[in-house]
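S.K.: Structure for the following, please:
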Amino acid sequence: MDTPKLTRTRGRVFIISIIVVLLIPVLAAGMLHQPSDNTGDPNQVSGNETGEIMFIAFQGKFNTIDDNTGRLVALDRETKTVIWEHKQHRRYFDVDPIDKNTILFSATRDLSNGESDRVAIVMNWRTGEVKDKFVIPKDTHDIDYLGDGKYAIADKASHKAYILDRNTDETVWQFRFADHFSEKAGDGINGDYTHLNDIDSVNNGSAFLVSPRNFDRVMLINRSTNQVEWVLGEEDNYDILYEQHNPVLLSQDPPTVLVADSENDRIVEYQKKGQEWELTWSYYGQLNWPRDADRLPNGNTLIVDSNGDRVVEVTPDREVVWELAIRENPYDAELLKYGDEPQGPPMTEFKSEFGSPIPEDHSQSHALSPLFDAFDSAYYLAQWVLPSWIDKIQFLFLLAAGGVLISWLTAEAVIKIPLDRVRK
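M.R.: Next up, the predicted model:
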C-alpha cells in the first residue's frame, strides 16, 4: 500500500507532466518562429508589383523578447506578399501616401540613452531616401501633410491640434481643447485628457476633423474662427461612440462620418439630419477593437481590425471580399493609388443593397459570448508583453498550464496548513 508521501509524489509528477504537455505547443511555436531580418532600409523595392499596393502600419507591442515589435510594410494586395518593409523603429502609427513614390508616417524611435521619442518621416519608399525627418510630440498618432511644408499634427501629449510650418519650424495655428471643453470632458487616466488620435484636413486645411478619443466624440474645427462647427457623440453615451479612432468625413452636405467605433467593436457611419445624427450603416463582423476604416470609391469599406490581427474589405451588404490575417497589432492601412483617406461615397447611396443600418444578426448572442469576450480581452492585454509568435491557440494552452499550476499550488497550501497545525 502506497504511503501518503509516495502518493503525493506521484501526484506531483503527474501534474508536472500535464503542465509540460500543455506548454509543448507554445515552445514548439517559438522554436519554429523565424524573425524577419529585414533592416527596413532597402535601396530598392524587392519583389514584383502585380496588383494594388497597400501600406500597413503596425503598432507592435511593448515586449523586447523578439524583434517583431512594430513595422511598416508595402503589400501587393493581389498576391498578399510584402514587397517592402521598414523596421528601423519600434512602433508605427499613421501612414499616408503622398504620391506614388512618397509616404509620410509617424514612428517611435529608440534613443541611445534608453529613452524614446516620436518622429515624422517623409520617405521615398521605393529608393529608401528620407526627404524629411523631424521630432513631433511624444505619442503622436497622426500627422497630415498640407502642402508647402506645412503639417497638421494631433498632439496627444499636450491635448491640442496644430499646424507646423517646417520652413520656419514654427506653429502657425493651434486649437487647445482645454480652452473649449471642461477638464471633465474626457474620461482618461494619468493625465490622458483627450487621447487625441486623429486629424484630417477638410477643404485644403480650412477646417479639421479631429478625434479626441477620451471625449467619445468626433468634431469639426473651423480653422479661421477656431471654433467647433459640429460634434458627433456625447461623453459616456457609448451607444453613439465609445473611444473611437480615425474618423473620415465622407460628405460635407450633409455631414457624413465613417469611424472605427473601437470599444464597441464595430464600424459606424453617421449622417447629420438637422441637429441630430442618424446611424446610416454599421458593420460588426466579429471585429475586435478596430482602429481604422476607409470608404473606397467602389463603396466597399477597408477595415483594420487591430485586436483581430487582420485587415478586411467588406461590401455595402457586409460581404467580406478580401481579408488578410496579419499579426503585430495593425493600426493603419492605406491603398497607394487613393492616397490618404480615399473618402468614397456615403453608404446612403447603396441603401438598397444592405437594408437596415444595423445587421439583423447582431442581436443574436451565444450563451458563451461573455466567456469568449473575456478570453479576447485577456489575449489582447497579454499581447503587449508576450512574444508575437503566441497566437490565440498558444495563449489558450498557456492559460490552461497556468490554471493547472495555480490549482496545484493552492492544493499544496491547503494540505500543508492542516498538517502544520497538527504538528504544533
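S.K.: Next, the contact list for Glu129, please.
M.R.: When contacts are counted by Cβ atoms under 8 Å, 6 or more residues apart in numbering, Glu129 touches Met123. (Each C-beta comes from the backbone N, C-alpha and C, glycine too.)
S.K.: check contacts around the nearest residue in space to Met219 that is not next to it in sequence.
M.R.: Distances taken as Cβ to Cβ, 6 or more residues apart in numbering place Val231 nearest to Met219, at 4.6 Å, with adjacent residues excluded. By Cβ under 8 Å, 6+ apart, the residues touching Val231 are 217-219.
S.K.: Next one: Val231 from Trp277, what distance?
M.R.: Distance of Val231 to Trp277, given as Cβ to Cβ, to the nearest Å: 9 Å.
S.K.: what's the helix or strand for Thr9?
M.R.: Secondary structure assigned from DSSP states H and E places Thr9 in helix 4-32.
S.K.: Kindly report the same for Ala413.
M.R.: Assigned by DSSP H and E, Ala413 falls within helix 392-423.
S.K.: next one: that helix to chain centre, how far?
M.R.: Computed by Cα atoms, centre = their mean, to the nearest Å, the chain-centroid distance of helix 392-423 equals 36 Å.
S.K.: before we move on, what SS does Thr140 have?
M.R.: The three-state assignment at Thr140 reads coil, by DSSP: H, G, I helix; E, B strand; the rest coil.
S.K.: Identify the residue spatially nearest to it, adjacent ones excluded.
M.R.: Thr140's closest residue in space is Arg118 (Cβ to Cβ, 6+ apart), at 5.1 Å.
S.K.: did I read that right, that neighbour in a strand?
M.R.: Yes - counting by three-state DSSP, Arg118 is part of a strand.
S.K.: sorry, back to before: so the residue nearest to Met219 versus Leu196, what's the distance?
M.R.: Val231 sits 14 Å away from Leu196, going by Cβ to Cβ.
S.K.: So Pro316 sits against Ser352, correct?
M.R.: No - using Cβ atoms under 8 Å, Pro316 makes no contact with Ser352, being 9.1 Å away.
S.K.: Settle it for me: which of those two has more neighbours?
M.R.: Pro316 (21 against 8; other Cβ atoms under 10 Å).
S.K.: give the contact list for the more buried one.
M.R.: Residues in contact with Pro316 (Cβ under 8 Å, 6+ apart) are 281, 299-300, 347, 350, 353-354.
S.K.: SS state for it?
M.R.: coil.
S.K.: and the residue lying closest to it once chain neighbours are set aside, which of the three is it?
M.R.: Leaving out its chain neighbours, the residue that sits closest to Pro316 by Cβ to Cβ, 6+ apart is Phe350, at 3.7 Å. Reduced to three states with three-state DSSP, the structure at Phe350 is helix.
S.K.: tilt between the one helix or strand in the chain whose mean pLDDT sits lowest and helix 392-423?
M.R.: Across the helices and strands of the chain, mean confidence by mean pLDDT, DSSP states H and E is lowest for helix 369-383: a mean of 74. Put simply, helix 369-383 runs at 90 degrees to helix 392-423, going by axes from the mean of the first three to the mean of the last three Cα atoms, to 10 degrees.
S.K.: All further residue positions should be reported with the first residue as 39.
M.R.: Sure thing, new numbering starts at 39, so read that last one as helix 407-421.
S.K.: got the CA positions of helix 407-421 in CSV?
M.R.: Provided in CSV are the C-alpha atoms of helix 407-421 (Å, rounded to 0.1, in the frame of the first residue of the first chain):
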residue,chain,number,x,y,z
SER,A,407,-20.4,35.0,-25.6
PRO,A,408,-19.3,36.6,-22.2
LEU,A,409,-16.7,33.9,-21.8
PHE,A,410,-15.4,34.4,-25.4
ASP,A,411,-15.3,38.2,-24.8
ALA,A,412,-13.3,37.7,-21.6
PHE,A,413,-10.8,35.5,-23.4
ASP,A,414,-10.4,38.0,-26.2
SER,A,415,-9.8,40.8,-23.7
ALA,A,416,-7.3,38.8,-21.8
TYR,A,417,-5.5,37.8,-25.0
TYR,A,418,-5.4,41.5,-26.1
LEU,A,419,-3.8,42.6,-22.9
ALA,A,420,-1.3,39.8,-22.9
GLN,A,421,-0.2,40.6,-26.4
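S.K.: So which elements touch it?
M.R.: helix 430-461 (3 or more Cβ pairs under 8 Å, 6 or more residues apart in numbering; DSSP states H and E).
S.K.: Against Ile364, how distant is the nearest residue to Arg255 once chain neighbours are set aside?
M.R.: Sequence neighbours aside, Gly271 is the residue nearest to Arg255 in space, at 3.9 Å (criterion: Cβ to Cβ, 6+ apart). As defined by Cβ to Cβ, Gly271 lies at a distance of 30 Å from Ile364.
S.K.: so who does Arg329 touch?
M.R.: Counting by Cβ under 8 Å, 6+ apart, Arg329 makes contact with 283-284, 298, 300, 342, 344, 369-370.
S.K.: and it, what element?
M.R.: Going by DSSP H and E, Arg329 is in strand 328-333.
S.K.: Report the distance from that strand to the chain centre.
M.R.: 9 Å.
S.K.: List the strands paired with the helix or strand just after it, with their directions.
M.R.: Using DSSP H and E, the helix or strand that follows strand 328-333 in sequence is strand 339-343. Paired neighbours of strand 339-343 in the sheet (DSSP bridges): strand 328-333 (antiparallel), strand 348-352 (antiparallel).
S.K.: Using JSON lines, please lay out those together with distance to Leu443.
M.R.: Listed next are the strands paired with strand 339-343 as JSON lines, based on distance: least, Cβ to Cβ, whole Å:
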{"stretch": "strand 328-333", "distance to Leu443": "34"}
{"stretch": "strand 348-352", "distance to Leu443": "32"}
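S.K.: Now mean pLDDT too, for those, in CSV please.
M.R.: Output for the strands paired with strand 339-343, formatted as CSV (pLDDT from 0 to 100):
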stretch, mean pLDDT
strand 328-333, 97
strand 348-352, 97
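S.K.: so which of those is the most packed in?
M.R.: Burial of the strands paired with strand 339-343 is given as mean neighbour count (mean count of other Cβ atoms under 10 Å); strand 328-333 ranks first at a mean of 26.
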